[in-house]
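# Predicted model and sequence follow; I will ask about them next.
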Amino acid sequence: GTGLANRCPEVAEDAGRLKLASGKDYKIVDLCLEPKSWQIEEEVGKQGKKGFTTKEFVNTKLMTRATYTLSGIDGTLTKGPDGLIFKEKGGIDYAPS
């Protein structure tokens, strides 16, 4: 195959904007999420300081073809005082095994 199965549709940046009212619930149906970059948390040693490490997120590559998506996601979206809150109620994970 092409390795392009289960890809999410892309929305152009200039597709428009939505204004959300604070405190009102909005229903999201069939949301699809597809990561475009990946990071992992890694313990990184400090040079010259034996035994001293810190945890950092570092870029990595996906070891399978680009077929990792979360789709069919349903839930509610609310605009709160500190930003947007999404509460997932269901969805499908298309992670390759």
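Looks like it came in fine. None of these values were measured; they are calculated from a predicted model. Numbers count the residues shown, from 1 in each chain.

# If the closest residue to residue 33 other than its chain neighbours is in a bridge, with which residues?
By the measure of C-beta to C-beta, 6 or more residues apart in numbering, the closest residue to residue 33 outside its immediate chain neighbours is residue 70, 4.5 Å from it. Every C-beta, even on glycine, is put in place using the N, C-alpha and C of the backbone. Residues in a beta bridge with residue 70, per DSSP bridges, are residue 33, residue 93.

# which parts of stretch 73-87 are buried?
Within stretch 73-87, the residues that qualify as buried are 73, 75, 77, 78, 79, counting by 16 or more other C-beta atoms under 10 Å.

# Now the host helix or strand of the fourth one: average pLDDT?
Same thing as residue 78. Here residue 78 sits within strand 70-80, counting by DSSP states H and E. Looking at strand 70-80 alone, the average pLDDT works out to 89.

# Could you check the pLDDT of the residue most central in space within the chain?
Within the chain, one residue has its C-alpha closest to the average C-alpha position: by C-alpha atoms, centre = their mean, that is residue 35, at 5.4 Å. Per-residue pLDDT puts residue 35 at 80.
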